[in-house]
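1. Attaching a predicted model along with its sequence, questions to come.
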Amino acid sequence: MGALQSIFAQMFPPKPTWSPANIPDLTGKVILVTGGNSGLGKVTVKELLAHNAKVYMAARNRESAERVIDEIKSETGKEAIFIPLDLADLRSVKACAKEFLSKENELHVLFNNAGVMQPSIDKLTAQGFDLQLGTNVIGHFYLTKLLLPVLLSTAKTSPDRHVRVVNVASLAHAYMPVMNFKTFKDGKTRRRYGRIPSYLYSQSKLGNVILANELARRYGDQGIVSTSLHPGMIETNLWTSGALPGFAVRMSRMMLKPAEYGVLTQLYAGTAPEAAQMNGQYLIPWARVGRAAGKGRDPKLGHQVFPPKPTWFPANIPDLSGKVILVTGGNSACLELSVLSRIGKGFGQSLSSKELLAHNAKVYMAARNKRSAELAIEEIKSQTGREAIFIELDLADLRSVKACAEEFLSGVMQPPIDKLTAQGFDLQFGTNVIAKAEPDKHVRVVNVSSLAHAYLPIINFNTFKDGPARRRYGRFVTLLYSQSKLGNVIFANELARRYGDQGIVSTSLHPGAIDTNLWTSGGALPGIILRVANLVLKPVEYGVLTQLYAGTAPEAAQMNGEYLIPWGRVGKATPKACDPVLGRELWEYMEEQVKDI
């Protein structure tokens, strides 16, 4: 179906063949509807109650909700339960989920129905996001995330082993070729694009489809049926919520259908027996399977926020007896920058060094703060019975870097006479000679980079030292950080080119969106980025998977020059990061800077 044909089919659907009369008996089903006090949500709640479901109406306005609850009760004899929910405030979303979970231990259907359309450009969420994105996408995403455990547990005990998440999107999603992350928070870019009628609304609807599809990919095998849909051209209060030009409203109303039509597709998705087999589908009026626009189906866009489940774990690490490993930042973390990242805990202390020691490696922990490192070493020893060796290293001082390397090398070049390898050889002979005769004849250098490397098309050498260029570029949030991460990948690739034929396996990687303490080192990230962080971050246990895989997995010894992505998969760095000319130029620049240290 071509794009124009698809749009036409959604704007001018045939007469419906499915009606609320087809809804099966919903006795025993617990259902939550956001925005249930008006428009499509109101009619949805009414029909669900009429078919014996227990329905929670999550809405912002208590007075309006209670009035609607009374109205529906007078018509059906059934009463919905009100829960306050303001999707434009993540604190309210969290409180809503908490209240629901205090009342129920099952949830069979979640209708992500509420939304805003074309509010004033000056309106933002409580956390500073564009109101349409924050309400329509981020708020619903956070609510779904918080209710995910009860959805998964309900699926296990439900007779058909399914629960449903119904995401009300719009045909408008098809008008957006991309997601413009720069418009998510207020600024010049958002203001500029906000002048284009329906741009920000259409982007939020694309976000609904993308997240619905990613939820389907991620949890479909655990019983969650996630769908998105276009409800049709429906007369709801979305048309009165904001800044649509009067002529657009008047023209639209010539085509609008009453809300009773608009609920058909979402009621079908949430209740029809056959819809339980429609995980990942995009539905169109009236209760038909359609096809979302290309970007809405793009798994790569979904994976920017949600990498697939890991298939490799630290349990797969082979025995590392006899291996000598140095971990920089081993007492804390060195991770990625993402628009949805926040302050958290480091994983170097908790996992990288710990897992390597647990698999019998000899581990050097190179870190700046001796006291912090010693605490980490003691903690790991109490858990594994093995002890890392501290070496002082301040990467912000090249003299310290040189001293660290000299100290490390002195331990191998002139060790005490009673030091032997694990197999009883003289330590110097075993390390310097026998190790080179190992079967795979490889050593590894693992460089932790970030997805942020992709945000920059070039390396600007003028920003390396302080001056007008650095100060100017430094005004852009994350630009200098992203440049440093691009530098990591370029360096890793150049090392691979120069020394790959001598047994060095050099890789770079993006560890994922991980809860680490990286952000406390600078404090310059906007608060709104930090406040939304807990939406997508994975615990630190996930963050080490890719680097441990790169450093220990037997198959990773064949990955010289590769860029790895979560969780232990081969990805693709940007073309600029792989440019051998730039690699040589950066390598020579760095050699020049360190030659006199």
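-> Looks like it came in fine. Please read these numbers as outputs of a predicted model, since none were measured by experiment.
2. Break the chain down into its domains, please.
-> Following automatic domain parsing, one gets these domains for the chain: 3-13+24-300, 316-594.
3. Please work out the average pLDDT along the first one.
-> Okay, so that is domain 3-13+24-300. Averaged across domain 3-13+24-300, pLDDT comes to 87.
4. Then stretch 445-458?
-> Here the average pLDDT along stretch 445-458 is 83.
5. Buried residues, that stretch. List them.
-> Buried residues in stretch 445-458, counted by 16 or more other CB atoms under 10 Å: 445-456. (Each C-beta comes from the backbone N, C-alpha and C, glycine too.)
6. gap between the two ends of that stretch?
-> Chord length of stretch 445-458, first to last residue, is 24 Å (CA to CA, to the nearest Å).
7. Same question for stretch 353-365.
-> 7 Å.
8. distance between that stretch and the chain's centre?
-> 29 Å (CA atoms, centre = their mean, to the nearest Å).
9. again, but for stretch 559-574
-> From the chain centre to the centre of stretch 559-574 is a distance of 18 Å (CA atoms, centre = their mean).
10. try stretch 586-597
-> The answer for stretch 586-597 is 37 Å, by CA atoms, centre = their mean.
11. I would like the residues contacting that stretch, please.
-> 398-399, 401-402, 459, 461, 464, 487, 490-491, 494, 498 (CB atoms under 8 Å, 6 or more residues apart in numbering).
12. Can you tell me which of those residues are buried?
-> 401, 459, 464, 487, 490-491, 494.
13. Show me these that map onto helices.
-> Residues of the buried ones among the contacts of stretch 586-597 located in helices (DSSP state H): 401, 487, 490-491, 494.
14. any idea which of the residues you listed is closest to residue 81?
-> residue 487 (55.1 Å; CB to CB).
15. Can you name the residues that contact that closest one?
-> 459, 586.
16. quick revisit: quickly check the buried residues of stretch 445-458 for the two that are furthest apart.
-> 445 and 455 (24.1 Å).
17. ok, and what's touching stretch 62-75?
-> 36-38, 42, 45-46, 49, 57, 59, 78-80, 82, 84.
18. for stretch 141-161, that is, sorry about that
-> Residues outside stretch 141-161 that contact it (CB under 8 Å, 6+ apart) are 30, 32, 34, 85, 87, 90, 93-94, 96-98, 100-101, 104-108, 110, 112, 162-163, 165, 211, 215, 219, 222-224, 276, 535.
19. let's go with 7 Å and repeat that
-> With CB atoms under 7 Å, 6 or more residues apart in numbering as the test, stretch 141-161 has contacts from 90, 93-94, 96-97, 101, 105-108, 110, 112, 162-163, 165, 211, 215, 222-224, 276, 535.
20. Dihedrals phi and psi, residue 324?
-> phi -110, psi 120 (degrees, to the nearest 10).
21. Which PyMOL command selects the buried ones in the contacts of stretch 141-161?
-> In PyMOL, this line selects whichever of those come out buried by 16+ other CB under 10 Å:
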select buried, resi 90+93+96+97+106+107+108+110+112+162+163+165+211+215+223+224+276+535
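22. how far away is residue 182 from residue 480?
-> 17 Å (CB to CB, to the nearest Å).
23. Show me which of these two is the more surrounded one.
-> The neighbour count for residue 182 versus residue 480, taken as other CB atoms under 10 Å, is higher for residue 480 (17 against 12).
24. ok, for the more buried one, nearest residue in space, not its chain neighbours?
-> residue 474 (5.7 Å; CB to CB, 6 or more residues apart in numbering).
25. Report how many residues lie close to that neighbour.
-> Residue 474: 13 neighbours (other CB under 10 Å).
26. quick one: it and residue 483 touch, right?
-> No - taking CB atoms under 7 Å as the definition, residue 474 is not a contact partner of residue 483, at 10.5 Å.
27. helix or strand right after the strand or helix carrying residue 376?
-> Using DSSP states H and E, residue 376 sits in helix 370-384. Per DSSP H and E, the first helix or strand lying C-terminal to helix 370-384 is strand 389-392.
28. which residues are contacting that next one?
-> Contacting residues not belonging to strand 389-392 are listed as 364-366, 370, 373-374, 377, 400, 404, 407-408 [CB under 7 Å, 6+ apart].
29. repeat that with 6 Å
-> Residues external to strand 389-392 that are found in contact with it (CB atoms under 6 Å, 6 or more residues apart in numbering): 364-366, 373, 404, 407-408.
30. Quick check: mean pLDDT of it?
-> 92.
31. Only the buried residues of it, if you could.
-> For strand 389-392, burial by neighbour count (16+ other CB under 10 Å) applies to 389-391.
32. mind checking how far the helix or strand containing residue 192 is from the chain centre?
-> Element membership of residue 192 [criterion: DSSP H and E] is helix 188-193. Computed by CA atoms, centre = their mean, the chain-centroid distance of helix 188-193 equals 24 Å.
33. buried sites along that helix?
-> Under the neighbour-count criterion of 16+ other CB under 10 Å, helix 188-193 has 190, 193 buried.
34. so what secondary structure elements neighbour the following helix or strand past that helix?
-> In the C-terminal direction, the helix or strand that comes right after helix 188-193 (DSSP H and E) is helix 199-219. Here helix 199-219 touches helix 131-133, strand 224-229, helix 294-297, helix 299-305, going by 3 or more CB pairs under 6 Å, 6 or more residues apart in numbering; DSSP states H and E.
35. Show residues contacting helix 199-219.
-> By CB under 6 Å, 6+ apart, the residues outside helix 199-219 that reach it are 117-118, 130, 132-133, 136-137, 141, 167, 169-170, 172-173, 175-176, 193-194, 226, 228, 279-280, 292, 296, 301-302, 306.
36. what does stretch 127-138 give?
-> Contacts of stretch 127-138 (CB under 6 Å, 6+ apart): 87-88, 90, 115-116, 119, 123-125, 184-185, 190, 200-201, 204, 207, 528, 531-532.
37. to the chain's geometric centre, what's the distance from it?
-> 16 Å.
38. repeat for stretch 133-142
-> Worked out by CA atoms, centre = their mean, stretch 133-142 lies 14 Å from the chain centre.
39. Convert that stretch to CSV, retaining C-alpha atoms only.
-> Provided in CSV are the C-alpha atoms of stretch 133-142 (Å, rounded to 0.1, in the frame of the first residue of the first chain):
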residue,chain,number,x,y,z
LEU,A,133,6.0,15.2,23.7
GLY,A,134,6.0,15.1,27.5
THR,A,135,2.3,14.3,27.8
ASN,A,136,1.7,12.1,24.8
VAL,A,137,5.0,10.1,24.8
ILE,A,138,7.2,10.5,27.9
GLY,A,139,4.4,10.5,30.5
HIS,A,140,2.8,7.4,28.9
PHE,A,141,6.2,5.7,28.6
TYR,A,142,7.0,6.2,32.2
